[in-house]
Structure formats: C-alpha cells, structure tokens
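Novice: Sequence and predicted structure are below.
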Amino acid sequence: MGSIARLIFGLPGAALVTAALFLIMSNMIRQDVQLEEEKAAINIDITQQLKDTEINANKQFKRPTLDTPPPPPPATHDPSNRPALGGVQVGVPQIDTKLSIGTGFNPDRDAQPLVRIPPQYPERCMATAKPREQVQLEFDVTPEGTTTNIRVIGSTNSCLNREAARSVERWKYQPKIVDNKAEWRRGVQTTVTFELTE
C-alpha cells in the first residue's frame with residue numbers, strides 16, 4: 001500500500017522538478033553572452049631545429065698533458081748498508097733412539113655436535129623465571145648421531161627441564177668412531193641456558 005502512495009505522489013513531483021530544470025537550462029542557453037576581445041595568441045614553434053655547426057677537419061686534437069712521475073730514488077753505493085748474507089748456522093741434533101712417529105692420521109674421534117637447536121622459553125615459566133636460567137643434562141649419542149636417554153642432572157628452575165630435554169632431543173651429532181666403526185657415546189653432559197630478552 002505504501003509503494004502505491006509513493007508512486008501517486010512521487011511521479012507528479014518528479015515530473016515538476018524535471019520540467020523546471022529544463023526551463024532554467026533553456027533560459028540560460030538563450031542568453032546572449034558577450035565574450036572579451038581575443039588577445040594575440042602566443043606563437044610556439046615546437047618543430048624548430050638546431051642548425052648544424054661545421055666541424056673544422058684541419059683542427060688537430062691536442063692530448064692533455066699528464067703530471068710527470070717523480071724521479072727514482074737515488075742509488076746507494078755504500079757497502080756498509082748491505083745486509084749480511086752469511087746467515088746463522090746451527091748444527092742438527094742427533095737422536096739415537098728408535099722413535100715411531102706413525103702415519104700422523106688417527107681416524108678415531110669422539111662424538112662431535114653438528115646441529116644444536118636452541119630451546120624456546122616456555123611462557124608458563126616466565127612468571128617465576130630469573131633473567132638467566134640453566135639446566136644440566138646428560139644423554140647418549142647413538143651410532144647414527146641422534147641423542148637418546150636424556151636425563152636432567154641439575155636445574156636452576158625445574159619448570160624449564162622439559163623444554164631443555166626437547167631441545168637436546170633434536171640435536172644431531174657425528175658419532176663416535178673407534179677403529180673406523182661408529183659406536184655409542186654414553187654420558188655426554190651439556191648445559192642448556194635460557195635467557196629472557198627484554
């Protein structure tokens with residue numbers, strides 16, 4: 001019902017406004033407007049070209065003069081200025097013992113760390129934590145270079161023990177080598193440090 005009322009009152013109103021606008025515009029078009037006198041136009045020539053200059057073929061190019069190098073230092077003919085060429089002579093000591101030096105290559109080695117992933121500071125432990133906390137751990141390194149049997153042997157904050165063990169669990173090692181064979185390395189001890197950054 002409301003849309004019909006809007007149609008009945010709105011359609012004649014829109015027709016009146018449109019007719020009024022047309023009358024105002026036609027009145028503006030019929031008015032005779034006097035324009036100001038035209039001023040002389042500025043002539044801009046964008047196609048003007050520069051004239052070619054003649055090159056004098058007889059003119060010779062003159063090279064720039066460089067600074068003269070400094071003269072060489074004066075030669076010294078003083079024999080007292082020469083170094084002694086005799087050198088120092090030393091006798092080689094004689095060793096009469098039979099000493100086996102070996103080949104100099106020992107393939108045996110202890111387990112060496114390759115990857116050490118630092119621990120993440122747990123948010124649940126930040127409220128009771130000091131600026132620097134440490135957890136001492138002991139673990140074994142397998143012949144494949146992974147860590148196992150991780151044990152906490154000391155800690156300044158027990159809340160950090162679990163995260164420290166998780167960090168060491170992801171470490172990778174070069175295994176212990178004895179007689180060209182990878183072996184277990186037991187009892188490796190390390191300290192994991194947690195520091196709060198501001």
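Specialist: All right, it came through fine.
Novice: Just the strands from this structure, written as ranges.
Specialist: With DSSP state E as the criterion, the chain has strands at 112-115, 132-141, 147-155, 172-174, 176-178, 181-183, 185-195.
Novice: okay, these in CSV with mean pLDDT next?
Specialist: Converted to CSV, those look like this (pLDDT from 0 to 100):
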stretch, mean pLDDT
strand 112-115, 86
strand 132-141, 92
strand 147-155, 93
strand 172-174, 90
strand 176-178, 87
strand 181-183, 88
strand 185-195, 90
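Novice: of the ones you listed, which approaches residue 121 most closely?
Specialist: Counting by CB to CB, residue 121 lies closest to strand 185-195 out of the strands of the chain; the figure is 5.6 Å. In short, each C-beta sits where N, CA and C put it, glycine included.
Novice: Export the closest one to CSV, keeping only CA atoms.
Specialist: What follows is strand 185-195, C-alpha atoms only, in CSV (Å, rounded to 0.1, in the frame of the first residue of the first chain):
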residue,chain,number,x,y,z
ARG,A,185,78.9,-42.4,23.1
ARG,A,186,77.5,-42.6,26.6
GLY,A,187,77.4,-40.0,29.3
VAL,A,188,77.6,-36.8,27.2
GLN,A,189,76.9,-33.8,29.5
THR,A,190,75.8,-30.4,28.5
THR,A,191,74.2,-27.2,29.9
VAL,A,192,71.3,-25.5,28.2
THR,A,193,71.0,-21.8,29.1
PHE,A,194,67.7,-19.9,29.0
GLU,A,195,67.9,-16.1,28.8
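Novice: Give me the angle between it and strand 132-141.
Specialist: Relative orientation of strand 185-195 versus strand 132-141 (axes from the mean of the first three to the mean of the last three CA atoms, to 10 degrees): 160 degrees.
Novice: Which one of the strands of the chain lies nearest to residue 42?
Specialist: strand 185-195 (75.3 Å).
Novice: hang on, the earlier thing: want to throw the strands of the chain into CSV with mean neighbour count and distance to residue 30?
Specialist: CSV is the format used below for the strands of the chain (neighbours: other CB atoms under 10 Å; distance: least, CB to CB, whole Å):
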stretch, mean neighbour count, distance to residue 30
strand 112-115, 12, 91
strand 132-141, 19, 92
strand 147-155, 15, 98
strand 172-174, 17, 94
strand 176-178, 17, 108
strand 181-183, 14, 106
strand 185-195, 16, 88
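Novice: Rebuild these as JSON lines, extending it with distance to residue 41.
Specialist: Shown next, in JSON lines, are the strands of the chain (distance: least, CB to CB, whole Å):
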{"stretch": "strand 112-115", "distance to residue 41": "81"}
{"stretch": "strand 132-141", "distance to residue 41": "84"}
{"stretch": "strand 147-155", "distance to residue 41": "90"}
{"stretch": "strand 172-174", "distance to residue 41": "84"}
{"stretch": "strand 176-178", "distance to residue 41": "96"}
{"stretch": "strand 181-183", "distance to residue 41": "96"}
{"stretch": "strand 185-195", "distance to residue 41": "79"}
